[in-house]
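Participant: I would like the atomic coordinates for the input below:
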Amino acid sequence: MSSKTIAVAMSGGVDSSTVAAMLRAEGHEVIGLTMQLWNQRRLAGHEGMPEAVQGRCCSIDDVYDARRVAETLGIPYYVVNHEERFEKEVVRPFVNEYLSGRTPIPCSLCNNHLKFDQLLIVAKQIGADSLATGHYARVTFDDATGRWLLKRPADLSKDQTYFLFGLTQEQLSRTLFPLGEMTKPEVRERARQHGLALAEKPDSQEICFVPGGDYKTFLDAYLAEQGDALPDTAGELVTASGEVIGEHKGIHHFTVGQRKGLGVATGSPLYVIQIKGDAHQVVVGNQEDLYSKTLRVHRTNLVSVKDLSEPMRVTVKIRHRHEAAPATIEKSGTDEIVVTFDDAQRAITPGQAAVFYDGDIVVGGGWIL
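Facilitator: This is a model prediction of the structure:
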């Protein structure tokens, strides 16, 4: 493509840093942008919360790394503070979802409401034609339908389209995914070729504001900081038939599919098969009870098609690491879609996303009700 001004969302990791280096080498005017989203030391001192953190997305160390890469490449670099909005649109919903008995995905909320929304606004303000990120995905334009398509990357082991299903047509039209045709080893090699000091930096593995993945400790610490008491959601452990077999200390301690920590012993393994938030009940059953052929999603976003006027055959992922399964999707309301799988799927979890695929093309998705 011809030389352009491109803003790069720089997280301080090897992927986005390599994107900046590649685009700079191609002759583009590159501007680095990093979002400051969460003070990693904010809850330090609360019980169970560490004084310092490492290996997490968007940490202060990542900001330093991104700035160092920008200096190496000789490109302008800015930190954009969106802590207030991040708390309102990602952290608070994360807390509320768990306290309601659902299992949220903060990374998808962050992508939808911040990274591609706010950074595209900033990019336009500074005169950039488009925004490039280090996500493993592809975007193309379909002349036949007149729509922008979000597609799975060449390296399916790094596929991040599950977290990107909420991107709008306008956002996709201004977004670049330069790593879409590359594998992770190829990206690290390209980083070495460009002399980037963080070519061997490990990938971040955790939710940026939840150390060690211990969301229960985070909930306690966050609510204490806010001056809020942890709501009393203690209640009954019941079977699918309604028989009470025990008690629990709060629905936020459970997620669908969970086996350990139920606090009851029977002759056979029990799993959480449903959480009834309003009744504060945790429903348990056997392995077979975890399987279901249908689900409903709301707050939907269609990408490859403008509308779902008739049932459509697709494959559907109900978790990031779930293997997409054949299903039929059908509109059931103004903002609801019913998914019917060919074969029952294990542990369909309210609060997670269901993302629809037509081969490598993302048809759309929504949040599981």
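
Participant: helices or strands next to the strand or helix carrying Ile329 in the packing?
Facilitator: Ile329 belongs to strand 325-333 when assigned by DSSP states H and E. Counting contacts by 3 or more C-beta pairs under 8 Å, 6 or more residues apart in numbering; DSSP states H and E, strand 325-333 packs against strand 312-317, strand 336-346. (Each C-beta comes from the backbone N, C-alpha and C, glycine too.)

Participant: strands paired with that strand, and their directions?
Facilitator: Sheet pairing for strand 325-333, assigned by DSSP bridges, gives strand 312-317 (antiparallel), strand 336-346 (antiparallel).

Participant: of these, flag the one that's most buried.
Facilitator: Most buried of the strands paired with strand 325-333, by mean neighbour count (mean count of other C-beta atoms under 10 Å): strand 312-317, with a mean of 19.

Participant: what's the average pLDDT for that one?
Facilitator: Averaging pLDDT along strand 312-317 yields 98.

Participant: what does that strand rub up against?
Facilitator: Outside strand 312-317, the residues within contact range by C-beta atoms under 8 Å, 6 or more residues apart in numbering are 162, 305, 323-330, 339, 341, 354-358, 363.

Participant: how many neighbours does Gly242 have?
Facilitator: Per other C-beta atoms under 10 Å, the neighbour tally for Gly242 reads 9.

Participant: tell me the pLDDT at it?
Facilitator: Per-residue confidence (pLDDT) for Gly242: 91.

Participant: contacting residues for Ala221?
Facilitator: By C-beta under 8 Å, 6+ apart, the neighbours of Ala221 are Leu43, His46, Glu47, Gly48, Met49.

Participant: secondary structure class of it, three-state.
Facilitator: Following DSSP: H, G, I helix; E, B strand; the rest coil, Ala221 is assigned to helix.

Participant: dihedrals phi and psi, the closest residue to it other than its chain neighbours?
Facilitator: The shortest distance from Ala221 to any residue other than its chain neighbours is 3.6 Å, reached at His46 (C-beta to C-beta, 6 or more residues apart in numbering). His46 has phi and psi values of phi -70, psi 150 when expressed as degrees, to the nearest 10.

Participant: I'd assumed Asp289 was in a strand, is it?
Facilitator: No - going by three-state DSSP, the assignment for Asp289 is helix, not a strand.

Participant: excluding sequence neighbours, find me the nearest residue to it.
Facilitator: Leaving aside its chain neighbours, Asp289 sits nearest to Ile273 (4.7 Å; criterion: C-beta to C-beta, 6+ apart).

Participant: report pLDDT for the one you found.
Facilitator: At Ile273, the model reports a pLDDT of 95.

Participant: I'd guess it is in a strand, am I close?
Facilitator: Yes - under three-state DSSP, Ile273 falls within a strand.

Participant: how much space separates it from Tyr98?
Facilitator: Using C-beta to C-beta, to the nearest Å, Ile273 is found at 18 Å from Tyr98.

Participant: one more: Pro350?
Facilitator: With distances taken as C-beta to C-beta, Pro350 is found 11 Å from Tyr98.

Participant: any common contacting residues for the two?
Facilitator: Contact with both Pro350 and Tyr98 is made by no residue, according to C-beta under 8 Å, 6+ apart.

Participant: before we move on, back to that, which of the strands paired with strand 325-333 sits closest to Arg67?
Facilitator: Closest to Arg67 of the strands paired with strand 325-333, according to C-beta to C-beta: strand 312-317, at 35.5 Å.
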